[in-house]
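Colleague: Model the following, please.
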Amino acid sequence: MPIRVTVCKTEYAINPLGLDVLEPRLFWRVAATQNATVQSAYQVLVAESEDSLNQDQGTMWDSGKVASSESIHIVYKGKPLQEEGRYYWKVRVWDGKDQPSEWSVISFWTMGLLSRDAWKAKWI
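Modeller: Reported below is the predicted structural model:
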């Protein structure tokens, strides 16, 4: 493959835990075997399970093929995220000759508590 996706991050971290943002930002790096190779498009899949992603199903979000060279601050625009949920994602990109890369390795993030009402505790 002349182009591939490396280091995937969510909100500036690799596999972060306890995010408190409803639309996390996704980031990735692109590596190429040839000089002057550029990303011309990307597709992001987000799911609640690795199994869904292994079947190329973005059950929470499938961005579709987006014509863009951007690989930073890609804002999640899928179904509403749930408190304490765990979400898995992967991305692929296309080069300037419209050739797709392989999918990236699967990354994940977890959501934290998003409201005061979510905190449950008892005095001990």
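Colleague: was I right about A67 contacting Q43?
Modeller: No. A67 is beyond contact range of Q43, at 10.7 Å (criterion: C-beta atoms under 8 Å). For every residue, glycine as well, the C-beta is placed using N, CA and C.
Colleague: of those two, who's got more company?
Modeller: The neighbour comparison of A67 against Q43 (other C-beta atoms under 10 Å) goes to Q43, with 19 against 9.
Colleague: quick one: the more buried one is in a strand?
Modeller: Yes. Q43 forms part of a strand when assessed by DSSP: H, G, I helix; E, B strand; the rest coil.
Colleague: who's in contact with I14?
Modeller: If you count contacts by C-beta atoms under 8 Å, 6 or more residues apart in numbering, I14 has them with 7-8, 107.
Colleague: switch the cut-off to 7 Å
Modeller: Counting by C-beta atoms under 7 Å, 6 or more residues apart in numbering, I14 touches no other residue.
Colleague: Numbering from 355 from now on, please.
Modeller: Renumbered: residue one is now 355, and that last one reads I368.
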